[in-house]
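[1] Provided below for reference: sequence and predicted model.
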Amino acid sequence: TEPQRCNKTLVTGGGGYFGYKLGCALASSGASVVLYDINKPIWEIPNGVVCIQADVRDYNAIFAACEGADCVFHVASYGMSGREQLHREEIETVNINGTRYIIDACKQRNITRLIYTSTVNVVFGGLPIEDGDEETVPYFPIEKHVDHYSRTKSIAEQMVLAANGTPLAGGGVLYTSVLRPPGIYGPEEQRHLPRLAVCNIQRGILSFKFGDPSAQMNWVHVENLVQAQILAAEALTPEKNYIASGQVYFIHDGEKFNLFEWLAPLVRTLYALSLNILTYFAIHNSGFPLFSSAVQNISITHTFRIDKARRQLGYSPEKFTFADSVEHYIKSRAEARSEHGFPRVLLFFLAIFSLIFLSLRFDDVVLAAHLPVLVL
């Protein structure tokens with residue numbers, strides 16, 4: 001029997017890259033989609049998608065947006081990277097209070113399904129993990145997290161799991177599930193890695209290997225994470241025997257990567273193309289510290305198994321490469337710039353320099369640097 005599809009769904013964090021991609025995929029399947037975010041998406045809004053610009057900490061707005069929904073994908077979060085990491089109060093209120101409001105709204109609106117986007121950092125805090133799975137890898141102690149984002153995401157995840165099986169106001173039960181992705185990459189992702197790339201490649205941090213030179217990690221392409229989210233929603237239905245009820249799943253591309261080896265060809269290309277300009281930016285952006293959370297995420301092995309997601313959800317990640325995302329991004333931006341008559345040299349530099357690394361997302365790399373923004 002085909003599982004129940006979403007008729008109307010709410011995606012918090014729908015103004016961001018992943019939330020937007022998820023909303024579009026749901027709309028393509030025939031669902032009515034509400035993208036809920038404090039910021040509007042920068043991309044075109046497809047038919048069947050409504051945007052509500054509001055804060056996840058505004059319960060009344062959340063309650064109103066949830067009207068008629070049968071499924072909520074809670075993607076919104078704050079404090080993942082950059083200067084956001086310094087705003088402790090906002091991290092606490094968005095990630096913890098916002099999640100509490102989502103849970104409460106689900107109960108009051110009789111929404112039966114809630115899928116929460118967590119992070120591998122709820123279990124990883126600097127100690128090596130190799131091929132960890134959901135049953136054997138415990139939560140990293142809350143009080144030992146070096147950054148507030150990971151700590152609050154762990155608290156929020158446990159709140160969502162604790163809400164599984166609780167009664168709804170109009171009868172029925174709330175079913176919840178949690179997905180734990182690592183870093184997300186894709187052709188149009190453009191938030192986090194610029195801080196890592198611009199600040200640290202220029203300063204030579206990635207020109208040598210520190211920590212364990214063979215350290216490995218996982219990545220997930222945005223399309224694979226979208227697939228997992230939709231499968232998790234289907235697995236919270238009677239047709240699937242609620243198999244995902246109260247469950248957590250590691251989600252990634254099914255491969256391990258060494259960051260230094262993965263980025264080396266791109267670093268060489270970047271240096272070869274724009275060494276002088278890079279030197280200029282390096283001089284004007286030096287002196288910003290790399291937080292310890294960034295170091296441990298880059299230099300310590302933390303890999304996970306996705307057997308449970310394959311078995312229970314039917315998750316089958318497609319094959320993607322970082323190079324494909326870069327090629328797509330450069331091509332799309334080059335076409336856009338050519339329409340505005342940019343000088344060819346500037347166009348080439350902007351496309352290569354900005355977007356080689358924008359296509360990749362560090363879900364758990366945090367930099368304190370405040371860098372110039374390249375608006376393409």
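    Everything's here; your move.

[2] residue ranges in the stretch 51-200 of the chain under the pLDDT threshold?
    Within the stretch 51-200 of the chain, the ranges that satisfy pLDDT under 70 run 82, 189-200.

[3] so where do the helices sit in it?
    Counting by DSSP state H, counting those that start in this stretch, the stretch 51-200 of the chain has helices at residues 59-65, 88-92, 98-108, 148-163, 193-196.

[4] in TSV: those, plus mean neighbour count and distance to residue 9.
    Bear in mind the C-beta positions are built from the backbone N, C-alpha and C, glycine included. As requested, those are exported to TSV (neighbours: other Cβ atoms under 10 Å; distance: least, Cβ to Cβ, whole Å):
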stretch	mean neighbour count	distance to residue 9
helix 59-65	17	11
helix 88-92	15	26
helix 98-108	22	12
helix 148-163	22	16
helix 193-196	24	29
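
[5] which of those sits closest to residue 307?
    Each of these has some distance to residue 307 by Cβ to Cβ; the shortest is helix 148-163, at 19.9 Å.

[6] returning to what we had before: mind putting the helices of the stretch 51-200 of the chain into a markdown table with distance to residue 240?
    Formatted as a markdown table, those follow (distance: least, Cβ to Cβ, whole Å):
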| stretch | distance to residue 240 |
| --- | --- |
| helix 59-65 | 26 |
| helix 88-92 | 34 |
| helix 98-108 | 19 |
| helix 148-163 | 18 |
| helix 193-196 | 36 |
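
[7] for residue 8, find the nearest of these.
    helix 59-65 (10.5 Å).

[8] other SSEs contacting that closest one?
    Judged by 3 or more Cβ pairs under 8 Å, 6 or more residues apart in numbering; DSSP states H and E, helix 59-65 is in contact with strand 32-37, helix 98-108.

[9] ok, the residue nearest to residue 247 when sequence neighbours are not counted to residue 60 distance?
    Nearest non-adjacent residue to residue 247, counting by Cβ to Cβ, 6 or more residues apart in numbering: residue 177, 5.5 Å away. To residue 60, residue 177 is 26 Å away according to Cβ to Cβ, to the nearest Å.

[10] swap in residue 181?
    On the measure of Cβ to Cβ, residue 181 and residue 60 end up 30 Å apart.

[11] residue 138 too?
    Distance from residue 138 to residue 60, by Cβ to Cβ: 37 Å.
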